[in-house]
Each structure stands twice: as C-alpha cells, then as structure tokens.
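A.B. asks: What follows is a predicted protein model with its sequence.
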Amino acid sequence: MPTTGIFNKISNASSADLQKLESVLNYAGQNSQGQSLIHDIGVQRADLVINHSGINQTVQGPDGHVTINWDPSTAIEVVDANGKVTNYESPASNLLHEMAHAADPYLAIDVNVKDAQYDSLADKIAIERTNSIIVPLGEEARTNHSGDYVTVNNPTEHTANGLWVEVGSDGQVKSSTQPDGFNDNWGDSGSPPSDPGDPPGGGGSGGGGCVSVDSLLPGGQTAGEIRVGDTMELADERTLEGGTGAVSYSQKKLVPGFRITTESGVTLKCSDTAPIPTPEGLVLAPELLHKKVPVRRDEDGVISVAWEKVTSVESIGEIYVQHITVGDRCFWAGEKAGAYILHHNLKDSGGDDPEEPEDPWDDFQATLPVEQRSVLPAHAPAAPHAAHTDVIVVGIAHSEMHHILL
C-alpha cells in the first residue's frame, strides 16, 4: 500500500522512515479494522511529519486540516489499573492511535468530553479503535491512557508472552528476550535501544531535551547535582501553575548546546533538542527566536512568572547536559540564580508527583502549549503515565485538554 496514497504529504522522512511507515501500514492492513482506518486517513488526506524526538501528536488547524506527528522508534507501555506495566505496544500502535484521532469526525468536541478511565472521549475512541487493529495481531490492548515510552528499532516491535516480537524488515516474524535484539536493516545501521535522548542509530544528540549540568534550579542545586529521588519545583506548561515532583531518572550526556536569551535577559543553556513550552506548543531550542517562553523570577522572596519573547538563540558548541525525568510537569532552570526558563520534562509521567493527585497528560492539548511524549530508558521502571501530547486543536480557547491542537 503506497504511503503517498494514504497521506497528503509526508515530511522529514528518511528512506528508512518510509520503509518503517510502509511496514506499519502493511502490518495494520492485515485485518479489516486496520484497512478501514487506513481508508479513512486516505479520505482525510492528513499530512504526516516524521520525528525522532518522542513526539506522537495530532494537530488540527482552524480549517480542519490534520497533521500527524509520529516517532517510528517509540514503543509504549501497557499499564494496568494499579500502575503495573504488563506489556509494550509497538510504535505502530502510536501511529494508529494518531490516525484514529485524525479520523474522528468530532475530534474538536470529543477532546473536551472527560472520561474517568481514558481521560477524554477522544482518547477512548482512539484507544479502542487502535485495540481493534492490534489485538488480533498479538498485541495487548490498552485499557487506559497511561504508559511511557521505550526506544526500539522496529515499528512493529511489541511484547507478548514474555518475548519481544516484531515483523522484521524482511517480512518475517521474529522474537527475542531482549528489546530490539533483531538488528533490522532499514537502510540505516541497526542499533540497540538507546537512552531516550539519543537519536536513532545511537550517538549523544540528546533528542529528549535537557539542560546544561551547570544550570541553576530553584532551591540552589545545579542540574548536574540532581539524583533519582530528589524533589524539584515544577510548573504546568500551559497555566504555569506550580507544583513539585520526585526525580525518577537523571543522566549526564555530551550534546550540541544552545543558549536561549529572553527580552529581560533571562538565559538558559540546553541541548539542541530541548523542548521548550510556548503558547503554540513545544518548540525545540534552536527554533525559539521571537517566540514567547515561560520565565520565572525569584526576587525578595516573591516568585513571579510570565511569558517573555526570546531575543537570542546561539549555538555554543558541545556541552554536558543532564537528562531529567521528574513528576508530571516541566521544571525551571537558568544560568543565573533567581531567573529561570521552563524546560520540558524528559517524559510526562502522571503519578510521579508526590504532592498532587495523578494528572494524566493525555493525548491532547487545545490552544495552549503542547506536551511532548517523551521516552523512557528501556531498562527503567515507569510510573503510570498518560499518552503524551498528541493532538492540538487550534482555535478552541476554552479547551483544557492536553494533547490536541485544534
């Protein structure tokens, strides 16, 4: 099934990405439910943007046109009602989930209908439609909107009966006791699962985003001093409402660095793949010039937060950064004490925050900043977590959902 016949336009795709996309469509097309969804997307004529930053997201513009963002290297946990990880669904399931959102004729309405089990009616519809396709293919169904990512090489890779299973690039079904133990040839060199920040094929480019190790945090610590179990001050990327969270992952990396400077002189050094909240959603650091970002100032015991325009973005060469996973919100960091820029979490994991009830970051965000679905180290346990920002419904100012821009 030719990919160009399904999507209106495919952007940012390497030859390997296109092979993986074709593999997913062939995988899903094995049953009538998958064929039906593929047909609906062909009618919808959605655009597809490939990324390798852990973003799985659907954006619906004011004219109704839909753009799907998909990372072909992120598998997602299946989490039960008690927060236990029972299996992993494939990256294919993430794309099918986004396609189900795109095919929802009432998406702009459904994202605002809350659902106790799935967070929103839109997520319920997308998850159940995805389940109808992948369960007959041997994947476990999701029964909620929780789960974090792990990095894999094959877009059909998932777990079943204690094994990692995939349809290889040669079309053969393979299984292994280890994730990504297949070394598939997708036109790129095969690679084992990497740190969430690593780009496909390994390396240290910090794809998940991170701040320099010498960045100062509220409370006096530097980012490089953060350890698992520490508590950090956080903020919601949309409302800037404060909170705290417990660190569940922290690791140093050497990556290309950038310095962000705002109109009032607040600065932050971070990786070239650092996702920073803006009113339009998450934007990578090199692309922030003239966009507004959240800024916090601590002066004379008073904390003030505001949106400020970025006036300078400069490349500063390779720097050491700290990948940090903490709570279910973003964290503050900056070059100077008392002046911070909000930086997105390595992953959005509802349930990590010890002082707040679980606030899942479901697949949608309307009008306000979009969260990024980030990835989890393949060896690390995950907290219950809603699917990351995945739909943006542009122009619905009253909506409070997280992952859709309509």
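C.D. replies: Looks like it arrived, so ask away. Residues are numbered from 1 along each chain as shown.

A.B. asks: which residues of the stretch 201-350 of the chain score low on pLDDT?
C.D. replies: For the stretch 201-350 of the chain, residues meeting the criterion pLDDT under 70 lie at 201-209, 328, 346-350.

A.B. asks: For this protein, which segments count as helices?
C.D. replies: 15-28, 32-44, 91-103, 107-110, 121-134 (DSSP state H).

A.B. asks: which of the ones you listed is buried the deepest?
C.D. replies: With neighbours defined as mean count of other CB atoms under 10 Å, the helices of the chain peak in mean count at helix 91-103, which reaches a mean of 28. The way it works is simple: take the backbone N, C-alpha and C, and place the C-beta from them, glycine included.

A.B. asks: how distant is that one from the center of its chain?
C.D. replies: A distance of 14 Å separates the C-alpha centroid of helix 91-103 from that of its chain, computed with CA atoms, centre = their mean, to the nearest Å.

A.B. asks: Check the model's average confidence along that helix for me.
C.D. replies: The average pLDDT for helix 91-103 rounds to 96.

A.B. asks: And for stretch 62-74?
C.D. replies: Stretch 62-74 shows an average pLDDT of 90 in the prediction.

A.B. asks: Kindly report the same for stretch 161-172.
C.D. replies: For stretch 161-172, the per-residue pLDDT values average out at 83.

A.B. asks: Same question for that stretch: list its buried residues.
C.D. replies: Going by neighbour count (16 or more other CB atoms under 10 Å), the buried part of stretch 161-172 is 164-169.

A.B. asks: Using CSV, lay out the helices of the chain together with distance to T273.
C.D. replies: CSV is the format used below for these (distance: least, CB to CB, whole Å):
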stretch, distance to T273
helix 15-28, 17
helix 32-44, 28
helix 91-103, 19
helix 107-110, 29
helix 121-134, 27
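
A.B. asks: nearest to G54, of the ones you listed?
C.D. replies: Closest approach to G54 among the helices of the chain (CB to CB): helix 91-103, 10.1 Å.

A.B. asks: elements contacting the closest one?
C.D. replies: Helix 91-103 sits against helix 15-28, helix 32-44, strand 57-60, strand 66-70, strand 74-79, helix 121-134, with contacts defined as 3 or more CB pairs under 8 Å, 6 or more residues apart in numbering; DSSP states H and E.

A.B. asks: Provide the strand pairings for the fifth one, with the direction of each partner.
C.D. replies: Using DSSP bridges, the strands paired with strand 74-79 are strand 85-89 (antiparallel), strand 149-151 (antiparallel).

A.B. asks: Distance from it to the middle of the chain?
C.D. replies: Here the centre of mass of C-alpha atoms in strand 74-79, compared against the chain's by CA atoms, centre = their mean, lies 12 Å away.

A.B. asks: do the same with stretch 263-275
C.D. replies: 20 Å.

A.B. asks: Report the buried residues of it.
C.D. replies: Going by neighbour count (16+ other CB under 10 Å), the buried part of stretch 263-275 is 266-275.

A.B. asks: Need the max-distance pair from those.
C.D. replies: With distances taken as CB to CB, the most widely separated pair in these is V266 and T273, at 20.7 Å.
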